[in-house]
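Trainee: Okay, here's the prediction I keep looking at, along with the sequence it came from:
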Amino acid sequence: MSNSIAKPSKLPSNQFDHFYKGGDRIGQLRKGPGGPMRPEEWIGSTTTRFGQSLNGLSKVEGGQLLKDLIDQDPVSWLGEKHLKKYGSSTEILVKLLDPDQRLPVHYHPDQKFAKEKLHLNHGKTEAWIILEAPAGAKVGIGFKKEMKKSEIAELVASHDSQGLLDALVFKEVKAGDAVFVPAGVVHAIEAGIFVLELQEPTDLSILLEWDGFAVDGDKDGHLDLGFDTALDALRLTPLSVNEESEILTKFEIKGKTSKKIFNQIADPFFRADFIAGDQNEFEAGFGIYLNLSSDGLIQFENSDEISLQRGDAVLIPYSAGASRFKNCSGILARPPAA
């Protein structure tokens, strides 16, 4: 057994208020407070809400902030190779999204823009893993045709939500679909789609419309940059056919076959595996596992095993060593390989 302070543990719920409606399914799955205005949970988060100092940060079972624990002993939590390549950043933020209303049309800056304009090391490339979706539900991703910055600026200034929605390509999704969303690409999610989201560890969103949401986009929708600057982070060209084939993947969410969820395009940003059955072993490394089955077990090379119930989120440090998942069905999210 390791004497490190870094031990695998189940994470308490980390839901909080947001500007859009939802959150009841998160509350039911994760035994948290639920909605009506808590549509997100940030799981194993060392990331704060934009412009805030504490909101967003996850606590472990003992009430300590995960960020503080990692700062105290980054080698145990992340491993030497990770630390050498990425520093003490976990390099990942995992969320549950449960919108009861359509998410606004928005996008996120890439690393280059974030460094130049915001002095941050990460942009916000993200990906959605669809856990549940109503029949016929859709997500919007990318423009139908090449747009001009001036066209978008006019749609934003005139609060033309329908014009922005009409400009998007919408794709029908169902449980087991996954969508990789490159930074800069405009997107939206329809109401009722329950999502596990992986992303770079920032809270950088630029809103293009916000009517009907509890936010003043004129004031808070552009990362304090003003829309003229913020729109420089928006990709104005549509996704190519090849890009569309790369960003969309599928797996059988109620199946018994484990599978890497995303294509190689995601590898520089994060990794995710759907885990099914009991023949699943992973090398030592930081990870966050969300259990979707009624029971299960994780065994660790250097730590006590953990019994699972549906909705458990398990924080896995590097020092736990190799892990083996038995009788599980769920999703393991990990940083990019070091």
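Mentor: All right, it came through fine.

Trainee: Can you tell me how far V185 is from L239?
Mentor: 7 Å (CB to CB, to the nearest Å). Every C-beta, even on glycine, is put in place using the N, C-alpha and C of the backbone.

Trainee: Which residues are in contact with each of these two?
Mentor: Common contacts of V185 and L239 (CB atoms under 8 Å, 6 or more residues apart in numbering): I141, G142.

Trainee: Please identify which of the two sits among more neighbours.
Mentor: Shown here are V185 and L239; by other CB atoms under 10 Å, V185 has more neighbours (22 against 17).

Trainee: Angles on the backbone of the more buried one, please.
Mentor: phi -90, psi 130 (degrees, to the nearest 10).

Trainee: any idea how far it lies from A333?
Mentor: With CB to CB as the criterion, V185 and A333 are 21 Å apart.

Trainee: Please report the distance of the closest residue to I247 other than its chain neighbours from S293.
Mentor: Take I247 and drop its neighbours on the chain: the residue closest to it by CB to CB, 6 or more residues apart in numbering is F180, 4.1 Å away. Separation of F180 from S293 (CB to CB): 25 Å.

Trainee: More neighbours: those two, which one.
Mentor: Under the neighbour definition other CB under 10 Å, F180 and S293 were set side by side, and F180 has more, 23 against 17.

Trainee: So in that sheet, which strands flank the helix or strand where that one lies, and in what orientation?
Mentor: Using DSSP states H and E, the element containing F180 is strand 177-181. The pairing partners recorded for strand 177-181 under DSSP bridges are strand 126-132 (antiparallel), strand 248-250 (antiparallel).

Trainee: can you pull the contacts of H108?
Mentor: Counting by CB under 8 Å, 6+ apart, H108 has contacts G123, K124, T125, E126, V181, A183, G184, L204, S205, I206, A233.

Trainee: Kindly report the same for K171.
Mentor: K138, V139, G140, I141, V179, L248.

Trainee: got TSV for those, with distance to E116, neighbour count and pLDDT too?
Mentor: Output for the contacts of K171, formatted as TSV (distance: CB to CB, whole Å; neighbours: other CB atoms under 10 Å; pLDDT from 0 to 100):
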residue	distance to E116	neighbour count	pLDDT
K138	34	18	98
V139	29	23	98
G140	27	20	98
I141	25	24	98
V179	27	21	98
L248	30	16	98
